[in-house]
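# sharing a model that was predicted from the sequence below.
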Amino acid sequence: MRSQNLLTARIREAQKLKRKLCCIFLTLGYPSLPVTERLILSAEKAGVDILELGFPFSDPLADGPTIQFSSEQALKKGVTVRDGFRLVKKLRAKGCRIPMVFFGYLNPIHSYGEKEFARDARSAGFDGLIVPDLPPEEESAFHAECKKQGLHVIQLVAPTTPDARARMLVQKSRGFVYYVSLRGVTGARKAMSSDLGPHLKKLKRLTHKPVLAGFGISTPEQAAAISKISDGVIVGSAVINQLKKSVPAAEQFIAKLARAVHSGRA
């Protein structure tokens, strides 16, 4: 097991420098495992702070059509959890230091074995995980195992989350808090919700942990604007849409996102 959690280190560095965090989402194995590897390395080079790696699953509750499509394509190629662990281990061996967060669902974790999953994810080089269908009150043994391994379990807070529950979620969240910036599933949107600012302000009063906004952020302009009222952004579907065009298009878009988040302008 690596002693240092890279996500913790990156967050501390960003807070010290008063720098906003740029996180992008990629689907493991879409359009292929070598392309995923190339994009992670180019994202790191472009200055992306955190990489969220989505593991393909047949029934992704929180994912909109774009990410569902990428997940289906990866599943058709037989991409597995073990492929993801092998890829991350390979990248760490190459010297890749971008913090990596597993994004996936509980069913594949159960199938793998919870204790074994936490151990293997951490030893492969993951720093955290986001599991949308993992309630913080349940699976206490799995939460304990993740903590033991030094793997951060990141909680999601939605616009519809009651205040008392939001307080509990931010307290339990490790690393950062993921604010779901719109109602519904993931997917690029032309405009962001008008109540995003007040919701973020309220949430940020509850915690010293960074609050990153995700779901629906489509352009570098939106990323720059939302970073001004949050601690950073998470962009997924818009990256996959560029990837549908070509790998270079996705790489250029990711570089523009990172610049926009860090400079505050697109």
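Yep, it's here. Numbering: from 1, shown residues only.
# tell me the spacing between residue 176 and residue 152.
Distance of residue 176 to residue 152, computed by CB to CB, to the nearest Å: 8 Å. Where you see a C-beta, it was placed from the backbone N, CA and C, and this is true even at glycine.
# neighbour count: the two, which is higher?
When neighbours are counted by other CB atoms under 10 Å, residue 176 and residue 152 differ, and residue 176 comes out ahead with 27 against 22.
# so residue 174, which state does it fall into?
Classification of residue 174 by DSSP: H, G, I helix; E, B strand; the rest coil places it in coil.
# any common contacting residues for residue 176 and residue 152?
Counting by CB atoms under 8 Å, 6 or more residues apart in numbering, the shared contacts of residue 176 and residue 152 are residue 7.
# residues contacting residue 181?
Contacts of residue 181 (CB under 8 Å, 6+ apart): 159, 192, 193, 196, 199, 213, 214, 215, 216, 217, 226.
# look up how far residue 151 lies from the closest residue to it other than its chain neighbours.
Computed as CB to CB, 6 or more residues apart in numbering, the closest residue to residue 181 that is not its neighbour in sequence is residue 213, at 4.4 Å. From residue 213 over to residue 151 the distance is 23 Å, taken as CB to CB.
# which helices and strands does the host helix or strand of the residue nearest to residue 181 pack with?
Per DSSP states H and E, residue 213 falls inside strand 211-214. For strand 211-214, the elements it packs on are strand 21-27, strand 177-180, helix 196-204, strand 232-235, judged by 3 or more CB pairs under 8 Å, 6 or more residues apart in numbering; DSSP states H and E.
# what does it rub up against?
With CB under 8 Å, 6+ apart as the test, strand 211-214 has contacts from 21, 23, 25, 176-181, 186, 196, 200, 203-204, 226, 230-236.
# and stretch 24-34, by the same measure?
Residues contacting stretch 24-34 (CB under 8 Å, 6+ apart): 36, 39-40, 43, 48, 50-56, 67, 70-71, 73-74, 77, 79, 83-84, 87, 103, 214, 234-237, 239-240, 243, 254, 257.
# test my guess that residue 133 contacts residue 105.
Yes: under the criterion of CB atoms under 8 Å, residue 133 makes contact with residue 105 at 5.4 Å.
# which of the two has more neighbours?
More crowded of residue 133 and residue 105, by other CB under 10 Å: residue 105, with 21 against 15.
# could you look up the SS state of residue 34?
helix.
# from the middle of its chain, how far away would stretch 25-37 be?
What separates the centre of stretch 25-37 from the centre of its chain is 14 Å, taken as CA atoms, centre = their mean, to the nearest Å.
# tell me what angle the helix or strand just after the strand holding residue 213 forms with helix 196-204.
Going down the chain from strand 211-214, the next helix or strand is helix 220-227, by DSSP H and E. Here the directions of helix 220-227 and helix 196-204 differ by 40 degrees (axes from the mean of the first three to the mean of the last three CA atoms, to 10 degrees).
# on that earlier part again, just the buried residues from the contacts of residue 181, in PyMOL please.
Command for PyMOL that selects the buried part of the contacts of residue 181, burial taken from 16 or more other CB atoms under 10 Å:
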select buried, resi 192+196+199+213+214+215+216+217+226
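# go through the contacts of residue 181 and name the one nearest residue 263.
Of all those, residue 263 sits closest to residue 226, with 13.9 Å by CB to CB.
# so which residue is smack in the middle of this protein?
Residue closest to the average C-alpha location in the chain (CA atoms, centre = their mean): residue 52, at 3.3 Å.
# so what's that one closest to, chain neighbours aside?
residue 25 (4.4 Å).
# circling back: in helices, which of the contacts of stretch 24-34 appear?
Among the contacts of stretch 24-34, the ones falling in helices (DSSP state H) are 36, 39-40, 43, 67, 70-71, 73-74, 83-84, 87, 237, 239-240, 243, 254, 257.
# quick one, what contacts residue 42?
251, 254, 255.
# and the first one, how many neighbours?
In other words, residue 251. Using other CB under 10 Å as the criterion, the residues surrounding residue 251 number 19.
# excluding sequence neighbours, find me the nearest residue to it.
Closest residue in space to residue 251, ignoring its immediate chain neighbours: residue 42 at 4.9 Å, by CB to CB, 6+ apart.
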